[in-house]
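Visitor: need a 3D model of the sequence below.
(chains A and B)
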Amino acid sequence: MPDRRVVITGTGVITSIGHNTEQFWNSIIQCASGIGPYEAVDSTLVRFKNGAEVKDYNPAAYFEQKELDLMDRFAQFALIAAKEAVKQSGMDCNADNGTRTAVICGTSIGGVVSQEKTYTDLYRDNKTRVHPLSIPRTMPNSAASNISMHFGITGPVYTISTACASSNHAIGNAFWLIRSGICDRALAGGSETPFTYTFLKSWEAIRVVANDTCRPFSKNRQGMILGEGGGMLAMETLESAQARGATILAEIVGFGMSSDASHITKPDQLGAERAIRLALADGKIPFNEVDYINAHGTGTLVNDSMEIGAIKNVFGSHAGQISVSSTKSMHGHCLGGTSAIEAVVTVMATLKNILPPTANYQEPDPECDLDVVPNASRHKKIRYALSNSFAFGGLNAVIAFKKWEGS
Amino acid sequence: MSEEVFNRIKDLIVTKKGVEAEKINIDSSFEELGMDSLDAVELVADMEEIFNVNIPNTDLQNFKTIRQAVEGLQKAISQ
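Guide: Sure, this is the predicted structure:
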């Protein structure tokens, strides 16, 4: 079977700057940050005080109690995003076409909120038992499973865990499954909810979280800011979308993966370059038609300069024409869910021809001297856009989108 | 106090990282001792616990040599 074209017909998202795509995108183009003092954990016990939490979230507004009994917060966010994506897409996911539909979710730690509860029950409160549903809540596949159960999807359903690249790996895998003919449609994305005491202390210990905010590419950047949320893309074959008259938001055209095999936390520029090149090759993308890159852009000293270096090496003189922004500056680093949220940003940017900004930018860094779209969004025709993820463990995944202009 | 800090760091590097003691001097860089950024993070974590101090991330990022680590720890201890 020849390769099939794959298009995005729906997006869903829940983050610190919006509980749906419309709110989220409006926040992005207004450069509104969701970073501030977190509340889920007593911040007096942690050295860093800020995060990007989903605010004013009422689970009861989205789910019946019996649904909530099964789902940790991270799974709730994934399902909320999936429901929005399916609704926007209009795709009919049901038991009849379920075998030809995939659900692939990314997460780095899964149900850590529920897992923390088992720890406090046993170690702090000296209980002799934990909640009977602790396993279904904590297992990292919970999000994907609950999505498949909700929609009656019986095709390939699985979870990918590659730290910060998890959702890009999930989206890329779903794209390849559809392109190759194994599936006709997919829900792909991910989620993460890292605000627990033990997890925040673990991040404190590895010394990469900023005390103030996330300033990607700025010379005075101090590190990342943790965030929570979920994102999901509804994708299907071009034929399927056109047959039912669906609105096509963008085309997904390329996926590149590589691993550094170098250091467990420090990124390797060659690995990043390989992933970018592979995404371009996979999509047969003319490198001089890439107009925007949603960067991994964590705001750490090491990542941001490495990433700009990788982009320059791959694109040569064209790098100066590419706009590169990090929206982690607004929605935070949502770990395994972050590249799903960034995929929604990149799809919207391509659809609207609007560059998302890099927020909190203060001071130019000679090692990050590309157009990083500082502090304000602006219009730009976007033909092709990439979304980068370069994860702890040296795992890299890059997705390429093409502007949909019909036919 | 600086000598005590240096000796503690040296002991930790010898016992936890297996570096020979005679290779460690005040101007040694972590890199030439075969240690990377994660090793430095672990070392500083141990020293923070021993001396009951907090080293800001922004200071830790500049610890490339034993001397810089000693001076940074010394500064935190005397505060």
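Visitor: can you give me the end-to-end span of stretch A:370-382?
Guide: 17 Å (C-alpha to C-alpha, to the nearest Å).
Visitor: surely A:Ala144 meets A:Val103?
Guide: Yes. Under the criterion of C-beta atoms under 8 Å, A:Ala144 makes contact with A:Val103 at 5.0 Å. Every C-beta, even on glycine, is put in place using the N, C-alpha and C of the backbone.
Visitor: residues that sit against both of these two, list them.
Guide: By C-beta atoms under 8 Å, 6 or more residues apart in numbering or on different chains, A:Ala144 and A:Val103 have these common neighbours: A:157-158.
Visitor: more neighbours, these two?
Guide: Taking other C-beta atoms under 10 Å in any protein chain shown, A:Ala144 and A:Val103 do not tie; A:Val103 has more neighbours (32 against 29).
Visitor: which helix or strand contains the more buried one?
Guide: strand A:101-106 (DSSP states H and E).
Visitor: helices and strands around that strand, which ones?
Guide: When contacts are defined as 3 or more C-beta pairs under 8 Å, 6 or more residues apart in numbering or on different chains; DSSP states H and E, strand A:101-106 sits against helix A:142-151, strand A:157-160, helix A:166-179, strand A:185-192.
Visitor: nearest to A:Glu22, of those?
Guide: A:Glu22 lies closest to strand A:185-192 among the helices and strands packed on strand A:101-106, at 17.1 Å (C-beta to C-beta).
Visitor: secondary structure class for B:Met35?
Guide: coil (DSSP: H, G, I helix; E, B strand; the rest coil).
Visitor: thought it was touching B:Lys16?
Guide: No. If you go by C-beta under 8 Å, B:Met35 and B:Lys16 don't touch, sitting 10.0 Å apart.
Visitor: any common contacting residues for these two?
Guide: With C-beta under 8 Å, 6+ apart as the test, B:Met35 and B:Lys16 both reach B:Leu43.
Visitor: more neighbours: which of the two?
Guide: More crowded of B:Met35 and B:Lys16, by other C-beta under 10 Å: B:Met35, with 18 against 12.
Visitor: relative to chain B, which residue of chain A is the closest?
Guide: As assessed by C-beta to the nearest C-beta, chain B sits closest to A:Arg207 within chain A, at 5.0 Å.
Visitor: what's the angle from the strand holding A:Val103 to strand A:185-192?
Guide: 20 degrees (axes from the mean of the first three to the mean of the last three C-alpha atoms, to 10 degrees).
Visitor: hmm, back to that, ranking the helices and strands packed on strand A:101-106 by burial, who's on top?
Guide: strand A:185-192 (a mean of 34; mean count of other C-beta atoms under 10 Å in any protein chain shown).
Visitor: listing request: residues of chain B with sub-threshold pLDDT.
Guide: Counting by pLDDT under 70, chain B has low-confidence residues at B:1.
Visitor: got the residues of it near chain A?
Guide: Applying C-beta under 8 Å from any C-beta of the partner chain, we find that chain B lies next to chain A at B:36-38, B:41, B:45, B:54, B:56-58, B:60-61.
Visitor: in JSON lines, list the helices and strands packed on strand A:101-106 along with distance to A:Lys127.
Guide: Shown next, in JSON lines, are those (distance: least, C-beta to C-beta, whole Å):
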{"stretch": "helix A:142-151", "distance to A:Lys127": "22"}
{"stretch": "strand A:157-160", "distance to A:Lys127": "29"}
{"stretch": "helix A:166-179", "distance to A:Lys127": "32"}
{"stretch": "strand A:185-192", "distance to A:Lys127": "27"}
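Visitor: for A:Val398, find the nearest of those.
Guide: Evaluated over these, closeness to A:Val398 peaks at helix A:166-179, with 7.0 Å, by C-beta to C-beta.
Visitor: send me that closest one as PDB with only the CA atoms.
Guide: In PDB, the C-alpha atoms belonging to helix A:166-179 read as follows (Å, rounded to 0.1, in the frame of the first residue of the first chain):
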ATOM      1  CA  SER A 166       7.000  11.000  25.200                       C
ATOM      2  CA  SER A 167       4.100  12.800  23.400                       C
ATOM      3  CA  ASN A 168       6.200  13.500  20.200                       C
ATOM      4  CA  HIS A 169       7.000   9.800  20.100                       C
ATOM      5  CA  ALA A 170       3.300   9.100  20.600                       C
ATOM      6  CA  ILE A 171       2.200  11.500  17.800                       C
ATOM      7  CA  GLY A 172       4.900  10.300  15.500                       C
ATOM      8  CA  ASN A 173       4.000   6.700  16.000                       C
ATOM      9  CA  ALA A 174       0.300   7.400  15.400                       C
ATOM     10  CA  PHE A 175       1.200   9.200  12.200                       C
ATOM     11  CA  TRP A 176       3.200   6.300  10.900                       C
ATOM     12  CA  LEU A 177       0.500   3.800  11.800                       C
ATOM     13  CA  ILE A 178      -2.000   5.800   9.700                       C
ATOM     14  CA  ARG A 179       0.400   6.500   6.900                       C
END
